[in-house]
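Chemist: I'd like to go over a predicted model; first the sequence, then the structure.
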Amino acid sequence: MEIRVDDLRGSEIIQLLLDHRQSMTLHSPPESIHALDLDGLRQPEITFWSVWRDGALLGCGALKQLDAAHGEIKSMRTVSAHLRQGVAARLMEHLLDEARRRAYRRLSLETGSAAAFRPAHALYARFGFSFCGPFANYIEDPYSVFMTRSL
């Protein structure tokens, strides 16, 4: 698998992110969806990566700098045809390595609370994340789960 910084201009990544945001609407009301759109992901405090193998897009994820010591994982998504093939785990390793390289002391994330998000919860727990309260600008929300880990 090749993980590379992505400029969010390719049609495949654009479609994956549109699908990602659309799938969020199946499980959360609009005010509880925190997945960023393309412009949101192009902000200078966010680095976005895509995962490829043999010319095929496998998934994506981003790291947002909240402050000098705290980062947030954003927009983790695996292409449906590549689920349960280690894409998310490989990307998580990459994001953790990058967070350490940046000298973050904490890495956090927000994800959905519905049953559809349980595989994500399990992945994050496997990588040392534990449940926590809202962080940054988030507020308590029954449709959100917050997780964090020290680095």
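Modeler: Now that the structure is in, tell me what you want to look at. Numbers count the residues shown, from 1 in each chain.
Chemist: where does the protein have its least confident helix or strand?
Modeler: Of all the helices and strands that make up the chain, helix 11-24 has the lowest average by mean pLDDT, DSSP states H and E, namely a mean of 90.
Chemist: Show residues contacting the following helix or strand past that helix.
Modeler: Of the helices and strands lying after helix 11-24 in sequence (DSSP states H and E), the nearest is helix 38-41. Residues external to helix 38-41 that are found in contact with it (CB atoms under 8 Å, 6 or more residues apart in numbering): Leu8, Ile14, Leu17, Ile46, Phe48, Ala62, Lys74, Ser75. Glycine gets a C-beta too; all of them are placed from N, C-alpha and C.
Chemist: Let's see which of the residues you listed end up in helices.
Modeler: In helices, judged by DSSP state H, the following of those are found: Ile14, Leu17.
Chemist: The least confident helix or strand of the chain packs against which elements?
Modeler: Other helices and strands packing on helix 11-24, by 3 or more CB pairs under 8 Å, 6 or more residues apart in numbering; DSSP states H and E, are helix 38-41, strand 56-67, strand 70-78.
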